[in-house]
Structures are given as C-alpha cells and as structure tokens.
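# fold the stuff below for me.
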Amino acid sequence: MSYVEMPGAKVPIRMWADPASVEEGAMQQLRNVATLPWIKGLAVMPDVHYGKGATVGSVIAMHGAVCPAAVGVDIGCGMSAVKTSLTANDLPGDLSRLRSKIEQAIPVGRGMHDDAVDPGRMHGFATAGWDDFWGRFDGVADSVKFRQERATKQMGTLGSGNHFIEFCLDETGSVWLMLHSGSRNIGKELADHHIGVAQKLPHNQGLVDRDLAVFIADTPQMAAYRNDLFWAQEYAQYNRAIMMGLFQDVVRKEFKKAKVTFDPVISCHHNYVAEERYDGMDLLVTRKGAIRAGSGDHGIIPGSMGTGSYIVKGLGNAASFNSASHGAGRKMSRNAAKRRFSTRDLEEQTRGVECRKDSGVVDEIPAAYKPIEQVIDQQRDLVQVVAKLKQVICVKG
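Modelled structure (predicted):
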C-alpha cells in the first residue's frame with residue numbers, strides 16, 4: 001500500500017493507515033499537528049491511535065522546533081532482538097522454569113535491582129562510554145537530580161504496561177530473544193518536566209492544543225531539553241542492552257550443554273527524536289510509535305502477547321521520512337479492554353504461550369490490538385519482512 005494524502009493546514013497528512021479506520025480523536029490530533037508553524041512534514045503509520053497531544057504512530061518533521069509531547073513520556077522506548085543458535089528442539093516441554101528464571105534475573109513492573117548492575121561483569125557487554133554517560137547526569141534538569149539512585153537501580157529493568165520479554169521461534173524453528181522497554185521512571189520525569197516548561201512559554205499560548213507546546217531553536221529551553229532528551233534516549237538504549245545481557249546469561253546457564261551463541265543484537269528506538277536532512281533542510285524528526293526504516297536499517301515490529309512479531313529491513317521511503325510502524329497499535333483503550341474481556345478470554349487468546357494469564361494483564365489481551373499482519377501489509381513500501389516470530393514465552397510486568 002502507498003500512502004493516502006489528506007489535507008492539512010500547513011502540510012498534507014500522509015497516511016499509511018486507512019483514514020476511515022482511524023478514530024476521530026486521533027484524526028483531530030493529526031489535523032492539530034498539521035497546524036504547527038514549524039512543521040515541514042507529517043507521516044502517519046498503520047498502527048496510529050490516539051495519544052497525548054500527538055498520536056502514537058506519527059512521524060513529525062519540524063524545522064527549528066521540537067514538541068516534547070510528540071516524543072511521548074517514555075523517551076527512547078524501543079525494541080531489542082537477537083537470533084540464537086538454539087532451535088525449537090532444544091526447548092523443554094514445560095517452559096515455566098525458564099520463564100521464572102527470566103523473571104528472577106530481570107525485575108519487572110515497578111521492581112528494580114537491589115544494587116546497580118555492574119556492566120563490567122556482564123558477558124560481552126561493551127562498557128565504553130558508561131562512566132561518561134553517568135557523569136553527564138549532573139547536567140540534566142535539577143528537578144530529577146534526587147532520582148539518580150532510583151535511575152541506577154532501574155537500569156536493566158522491564159517496567160509494566162506493554163513492555164515485555166519474549167522467547168520466540170521463527171518459521172525455521174530458530175530461537176530468538178526479544179524485549180521491549182524504555183527509559184523507565186527517569187525518562188518520564190524528564191519528559192513531564194520539559195512538557196511543563198514548554199507549556200508556559202509565550203510562543204505556545206495560541207496553539208490549538210496546549211499539549212503540542214514546542215521548544216524553539218537557539219533558546220536556553222531548547223538546549224536544556226535536547227540535553228536531557230538525548231541523555232534519556234541513551235539511558236533507554238543502555239537499559240535494553242543490560243536486560244538483553246541478563247537475558248542471554250539466563251539462556252547460557254539454562255542451556256549449558258548447547259553452548260549457545262548469539263547473532264548481533266538488533267535494537268531500535270520507537271519514541272525519539274533524530275536530526276535528519278530532507279530536501280536540503282536540517283529537520284528534527286520526531287518518531288512517536290515509529291521506527292527508523294532507512295534503506296537497509298533493521299527494525300522490529302511486534303504484535304501483541306499472543307500473536308507474534310516481525311523482524312524487518314527498511315526500504316528507505318523518503319515520503320515517510322524513512323519510517324515504519326512500531327507495532328500493531330491499540331484498537332481499544334486499556335479501560336475498554338478490561339471492561340470487555342475476562343481472564344478466560346486472555347487464556348484462550350494466549351494458548352500455547354507461557355505467560356501471565358491473570359486480571360493484571362487483561363488490558364494487554366491480543367484482541368485489544370490491531371491485527372499485526374494487516375499492519376505489516378499496509379507498509380510494504382516502507383519495509384520488507386526478514387523474519388516472522390511467534391512467542392512461546394512472554395514475560396510481563
């Protein structure tokens with residue numbers, strides 16, 4: 001499918017989703033974004049749905065400005081995946097012990113490590129830049145300085161909501177490890193702080209939606225936000241890398257005889273800002289629920305906890321600002337899912353997956369999400385599928 005172009009005040013709205021299937025609240029958010037004076041382009045992914053200020057599943061390109069709510073509060077949230085030398089034949093019939101070992105190694109929900117993880121003691125972890133990264137914490141917003149101890153102990157933890165850790169099989173029977181998480185509480189604290197600052201700036205007072213408040217280039221507020229934003233994106237990347245290291249350690253111990261080896265890890269943000277150049281202009285490209293899909297870029301597009309995921313390679317479509325969807329995308333809110341579905345429904349829809357099947361994760365039931373196959377089909381001009389994965393274990397917070 002190529003995109004459908006809808007009219008917008010300042011720029012057209014390029015949609016890789018069927019406009020008729022997008023709820024009116026999300027469509028209005030897209031129209032609102034298209035009114036921003038600094039906007040140079042807007043691309044809408046097939047997993048688009050209503051968010052705070054800007055929709056999830058949108059790519060917003062601006063010149064000389066950036067909107068913190070268009071990044072989202074989980075700065076740097078994204079995915080990591082790695083193919084292993086294990087196959088389906090190596091797995092035990094009962095996967096509950098393996099799931100338990102993963103949960104013991106990686107805190108989930110609001111949990112954190114008792115002591116900060118020392119990456120120097122992790123197998124194969126590249127520690128270059130680690131000390132410099134934490135040294136730069138002194139330069140982030142004063143409002144979060146007291147959070148440093150919590151931030152160090154949350155490094156290498158999952159969180160809750162739609163974050164997950166999975167054991168997957170591809171169509172050839174090879175085992176993959178996959179996880180989804182972001183910058184944990186410290187990223188949210190920084191996002192909330194800067195959104196509050198932006199909303200009070202004079203140039204944002206006439207906006208159609210106060211949640212679309214922006215920072216302008218060459219101002220102290222923009223400089224402070226960029227500093228904290230890029231630090232939080234790095235935190236998220238380290239967080240996933242440490243979790244993946246802990247995950248691989250569990251696999252090595254549980255499958256000692258197999259002497260497991262791992263391919264290079266694929267990792268991608270899907271809530272972030274990047275400096276990119278299009279049509280001779282330097283732009284700040286905000287992807288909120290979207291991955292970079294430049295030519296040859298590997299990416300990960302997950303479905304729900306009972307369906308499966310895709311490893312993809314970008315096709316470099318400039319019309320989408322080299323982007324693709326970040327997942328299946330919700331088709332109903334968490335509260336609506338809780339009202340509509342029961343734990344029995346969850347058990348039915350996650351049959352064959354070793355995972356939580358209690359009321360605490362009913363809002364993550366597969367039926368609350370759009371069909372992942374349809375989402376992939378709508379972006380055939382953005383990515384090509386490299387591998388299709390199906391989870392056999394799914395750890396949720």
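# can we go C-alpha only for contacts and neighbour counts from here?
Noted.
# any idea which strand is longest in the chain?
Criterion DSSP state E: the longest strand present in the chain is strand 383-396.
# could you measure Asn89 against Ala232, distance?
40 Å (Cα to Cα, to the nearest Å).
# between these two, who's got more neighbours?
More crowded of Asn89 and Ala232, by other Cα atoms under 10 Å: Ala232, with 27 against 10.
# how much space between that one and His113?
Using Cα to Cα, Ala232 is found at 19 Å from His113.
# check Ala336 too.
33 Å.
# of these two, give the one with the bigger neighbour count.
His113 (17 against 12).
# pretty sure that one is in a helix, no?
No. Secondary structure of His113 (DSSP: H, G, I helix; E, B strand; the rest coil): coil, not part of a helix.
# quick one, what contacts it?
106-107, 153-157 (Cα atoms under 8 Å, 6 or more residues apart in numbering).
# if we use 6 Å, what do you get?
Applying Cα atoms under 6 Å, 6 or more residues apart in numbering, we find His113 in contact with Lys153.
# likewise Val392?
Going by Cα under 6 Å, 6+ apart, Val392 touches 167-168, 353.
# tell me, how many residues neighbour the residue nearest to it when sequence neighbours are not counted?
Once flanking residues are discounted, Val392 sits nearest to Val353: 4.7 Å by Cα to Cα, 6 or more residues apart in numbering. Residues lying near Val353 (other Cα under 10 Å) number 21.
# could you pull out the helices for the stretch 51-200 of the chain?
Assigned by DSSP state H, counting those that start in this stretch, the stretch 51-200 of the chain shows helices spanning 96-105, 130-135, 148-154, 184-199.
# dump these to JSON lines, plus distance to Ala61, mean neighbour count and mean pLDDT.
Compiled in JSON lines, the helices of the stretch 51-200 of the chain are given as follows (distance: least, Cα to Cα, whole Å; neighbours: other Cα atoms under 10 Å; pLDDT from 0 to 100):
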{"stretch": "helix 96-105", "distance to Ala61": "39", "mean neighbour count": "16", "mean pLDDT": "98"}
{"stretch": "helix 130-135", "distance to Ala61": "28", "mean neighbour count": "11", "mean pLDDT": "94"}
{"stretch": "helix 148-154", "distance to Ala61": "30", "mean neighbour count": "17", "mean pLDDT": "94"}
{"stretch": "helix 184-199", "distance to Ala61": "18", "mean neighbour count": "21", "mean pLDDT": "95"}
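# closest to Asp74 out of these?
helix 184-199 (5.5 Å; Cα to Cα).
# counting contacts, what elements does the closest one pack onto?
If you count contacts as 3 or more Cα pairs under 6 Å, 6 or more residues apart in numbering; DSSP states H and E, helix 184-199 packs onto no helix or strand.
# show residues contacting it.
68, 73-75, 151, 213-214, 232.
# possible to save these as CSV with distance to Glu347?
Below are the contacts of helix 184-199 laid out as CSV (distance: Cα to Cα, whole Å):
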residue, distance to Glu347
Pro68, 38
Val73, 31
Asp74, 29
Ile75, 32
Ala151, 35
Ala213, 42
Val214, 44
Ala232, 36
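# for Ala9, grab the count of nearby residues.
13.
# identify the residue spatially nearest to it, adjacent ones excluded.
Counting by Cα to Cα, 6+ apart, the residue nearest Ala9 is Thr35, at 5.1 Å.
# over to Asp115?
In this structure, Asp115 finds its nearest non-sequential neighbour in Lys153, 5.9 Å apart by Cα to Cα, 6+ apart.
# might one say that the one you found is in contact with Ala116?
Yes. The pair Lys153 / Ala116 is scored as a contact, 4.6 Å apart, by Cα atoms under 6 Å.
# mind naming the longest helix for the protein?
In the chain, with assignment by DSSP state H, the single longest helix is helix 220-254.
# can you spell out which helices and strands pack onto the helix or strand following it?
Downstream of helix 220-254, the first helix or strand assigned by DSSP states H and E is strand 266-269. If contacts are counted by 3+ Cα pairs under 6 Å, 6+ apart, strand 266-269 sits against strand 78-87.
# for the strand it packs on, packing partners?
Applying 3+ Cα pairs under 6 Å, 6+ apart, we find strand 78-87 packed against strand 174-181, strand 266-269.
# hmm, who's touching the shortest one?
The set of residues external to strand 266-269 that reach it, using Cα under 6 Å, 6+ apart, is 76-81.
# sorry, back to before: wait, the residue nearest to Val392 touches Val395, no?
No. Val353 lies out of contact with Val395 (Cα under 6 Å); the separation is 10.0 Å.
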